[in-house]
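Engineer: model this:
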Amino acid sequence: MNDLSGLLAEAWKVVVHAVPGAPPEVQAAALPLVWEELLRSQTARSVGRPVAERDLARVPIGELVNRVRPGTFWEKVIVVGYWLQSEGNAPFVVGAIKSGLEKARQKLPKNLSDALSEAVRRGYVAEAAQGVEGKRAYYLTDTGRAFVEERLSVGGDRK
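Structural biologist: Numbering: from 1, shown residues only. Got it, this is the predicted structure:
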């Protein structure tokens, strides 16, 4: 059994146990919600969540950017991707990166796709096997996570 069919079977078990004896149409209506949540948690596990392990998930995006001090737009993409994954948003789309930069009150590059492409080219970000809502989706690689965590460990020592 492949991972997706196993996940679907798990989703169905959750639905059946959550609403036992409910009419099939009620169970069928609940299945997509459970399926989406299981997919999200499975994606987070497969991509990794080092931020949550260090309680950085509660750090506002602006503070994370200030701590890491990215010097280029493609470095900002990495930091925002790190934060998005810590919030359980993996994989993420270009629009989420833009929103993260705006939320952090960072200047946007003239072409965000170019900055993202540079992060991909350098191996910090990778394209996900499946898109999100018909759009290309991305996730941070181990190298991308290490980039952010290394700068966090140096922290305030960087000038």
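Engineer: so which residues of this protein form helices?
Structural biologist: 3-18, 24-47, 50-53, 61-68, 73-86, 94-103, 112-121, 142-154 (DSSP state H).
Engineer: what's the least confident stretch among the ones you listed?
Structural biologist: Least confident of these, judged by mean pLDDT, is helix 50-53 with a mean of 41.
Engineer: Thr143 contacts Val120, doesn't it?
Structural biologist: No: in this structure, Thr143 is not within contact of Val120 by Cβ atoms under 8 Å, at 11.3 Å. Placement of C-beta: from N, CA and C, glycine included.
Engineer: which of those two has more neighbours?
Structural biologist: Taking neighbours as other Cβ atoms under 10 Å, Thr143 and Val120 compare with Val120 leading, 17 against 13.
Engineer: which residues touch the more buried one?
Structural biologist: Val120 makes contacts with Ala126, Glu127, Tyr138, as judged by Cβ atoms under 8 Å, 6 or more residues apart in numbering.
Engineer: so which of these is the closest to Asp114?
Structural biologist: Closest approach to Asp114 among the contacts of Val120 (Cβ to Cβ): Tyr138, at 14.0 Å.
Engineer: and the closest one, how far from Ala29?
Structural biologist: Distance from Tyr138 to Ala29, counting by Cβ to Cβ, to the nearest Å: 31 Å.
Engineer: so for these two, which residue has more residues nearby?
Structural biologist: Each of Tyr138 and Ala29 has its neighbours counted (other Cβ under 10 Å); Tyr138 has more, 25 against 13.
Engineer: wait, Arg67 sits on Val154?
Structural biologist: No: counting by Cβ under 8 Å, Arg67 sits too far from Val154 to count as a contact (9.6 Å).
Engineer: looking at these two now, which is surrounded by more residues?
Structural biologist: Arg67 (17 against 12).
Engineer: Ala115: neighbouring residues, count only.
Structural biologist: Considering only other Cβ under 10 Å, Ala115 is surrounded by 22 other residues.
Engineer: hmm, Val79 and it touching each other?
Structural biologist: No: counting by Cβ under 8 Å, Ala115 stays clear of Val79, with 11.5 Å between them.
Engineer: residues contacting Val68?
Structural biologist: Going by Cβ under 8 Å, 6+ apart, Val68 touches Glu75, Val79, Val148, Arg151, Leu152.
Engineer: go through the contacts of Val120 and flag which are in strands.
Structural biologist: Using DSSP state E, Ala126, Glu127, Tyr138 are the members of these that sit in strands.
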